[in-house]
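J.: Turn this into a model:
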Amino acid sequence: MNGTTAPSPWLPTAPCTPGRCAVHPDPDAGRGALAAGAVLASARLAAGIGAVLLGVLCLPAAALLPAPARLALVRYWVRAVVRAFGVRVRFDGAAAVPADRPLLVVANHVSWLDIPLLAAVLPGRMVAKAEVRRWPVLGTLAALGGTLFIDRDRLRALPGTVRAMAAVLAGGGRVIVFPEGSTWCGRAGGRFRPAAFQAALDSGADVQPVRIDYRPTDAAAYVGDDPLGASLWRLAATRGVTADVRILDPLSAGRHGDRRSLAAAAQRAVTEAAVLPHAARPRPVPTHAASPRAIPPRAVLPRTVPPRVVAQRAAGQRAVPQRAVASDSANLPSSSVHQRDRSRPASASSSRTPA
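T.: Next up, the predicted model:
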């Protein structure tokens with residue numbers, strides 16, 4: 001759903017344009033570097049298109065498979081397509097997603113890559129603009145995959161699309177939608193439009209927020225009037241592109257009174273979950289070390305031996321049992337008698353204890 005201009009006043013607009021938000025060839029690069037980059041881009045582009053066509057050829061056979069096997073095949077296929085274009089993907093939180101639960105999956109929208117990335121971890125029926133149906137190859141795949149197409153120029157068609165989404169959710173399926181309504185460059189994002197969230201309220205399905213980030217952002221951004229071919233070439237020609245897909249905690253639709261509140265909660269979750277590089281992500285702190293107060297003071301002190309006991313042991317006498325309330329040391333873990341008591345003046349030293 002890329003576009004920066006809105007033919008209708010109710011459509012979303014984005015300030016992102018290909019000239020400002022997309023990677024362009026470096027004019028200072030040498031001819032050798034440009035030639036090597038062109039060869040690499042050509043190889044990746046051929047591999048990516050080949051992976052897509054292979055999936056198209058396998059569609060008739062895949063349709064005969066049981067649903068779980070077919071979904072697993074789709075996951076492997078879309079991951080192969082993304083990887084063929086040279087994109088490395090990191091999924092976070094995917095293991096916690098239930099397999100048999102209806103979900104309205106909502107995500108921020110940066111690129112056409114968002115679609116195969118979500119299909120790789122949360123396969124479901126996409127909601128896309130009607131123009132996608134006319135795309136070569138990809139439009140056919142979208143239609144065969146059960147995509148719900150929406151005519152964005154017809155506001156009156158929106159309630160029918162919402163009813164179709166609710167019917168899929170009520171039947172136990174998943175629906176994937178980009179509520180921003182348009183692609184954004186990744187540095188900026190749009191407001192989540194509330195209309196799609198009505199489907200979750202009507203069906204009682206949970207909302208599953210997802211955050212998608214790319215590094216470098218410019219390579220994957222598919223914004224404005226950027227042609228699909230130019231976006232494919234730019235992605236294939238860029239080295240080291242990484243996609244971070246973060247599956248967040250689901251939101252219960254029943255806890256929100258209306259679709260606007262639910263949309264605001266989902267957008268807040270996605271906005272606050274800006275993905276950091278994995279090395280910079282804070283590691284969870286063990287609960288027992290979260291605060292010094294969580295550890296009783298005596299649990300970190302060594303067990304001390306009363307001076308009288310030390311003297312009796314040095315004289316070869318039997319130590320007299322001490323009452324439990326005589327000292328906190330009776331309740332501490334046992335330790336060597338060769339330890340010095342650092343919590344009080346050294347009136348008795350381990351040097352007085354025979355080795």
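
J.: can you map out the helices along the chain?
T.: Using DSSP state H, the helices found in the chain span residues 18-21, 31-62, 67-84, 114-121, 138-144, 158-170, 197-203, 217-220, 228-237, 259-272, 307-314.

J.: any chance of those in CSV, with distance to Gly93, mean pLDDT and mean neighbour count too?
T.: All C-beta spots, glycine's among them, are computed from the backbone N, C-alpha and C. As requested, the helices of the chain are arranged in CSV below (distance: least, C-beta to C-beta, whole Å; pLDDT from 0 to 100; neighbours: other C-beta atoms under 10 Å):
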stretch, distance to Gly93, mean pLDDT, mean neighbour count
helix 18-21, 28, 60, 17
helix 31-62, 26, 82, 14
helix 67-84, 16, 88, 16
helix 114-121, 9, 91, 22
helix 138-144, 26, 75, 15
helix 158-170, 21, 92, 18
helix 197-203, 19, 95, 24
helix 217-220, 21, 80, 22
helix 228-237, 25, 87, 18
helix 259-272, 12, 94, 18
helix 307-314, 56, 58, 15
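
J.: can you tell which of those helices is closest to Val97?
T.: helix 114-121 (7.3 Å; C-beta to C-beta).

J.: Outside of that closest one itself, list whatever touches it.
T.: The contact list for helix 114-121, computed with C-beta atoms under 8 Å, 6 or more residues apart in numbering, reads 74-75, 78-79, 81-82, 89, 91, 94, 97, 105, 107, 124, 126, 128, 145, 176, 178, 210, 212, 243, 245, 247.

J.: So among the residues you listed, which ones count as buried?
T.: Neighbour-count burial (16 or more other C-beta atoms under 10 Å) is assigned, among those, to 74-75, 78-79, 81-82, 89, 91, 97, 105, 107, 124, 126, 128, 176, 178, 210, 212, 243, 245, 247.

J.: Not counting its neighbours along the chain, what's nearest Thr238?
T.: Leaving aside its sequence neighbours, Thr238 sits nearest to Ala219 (C-beta to C-beta, 6 or more residues apart in numbering; 3.8 Å).

J.: was I right about that neighbour contacting Leu235?
T.: Yes - counting by C-beta atoms under 8 Å, Ala219 does reach Leu235; the two are 5.8 Å apart.
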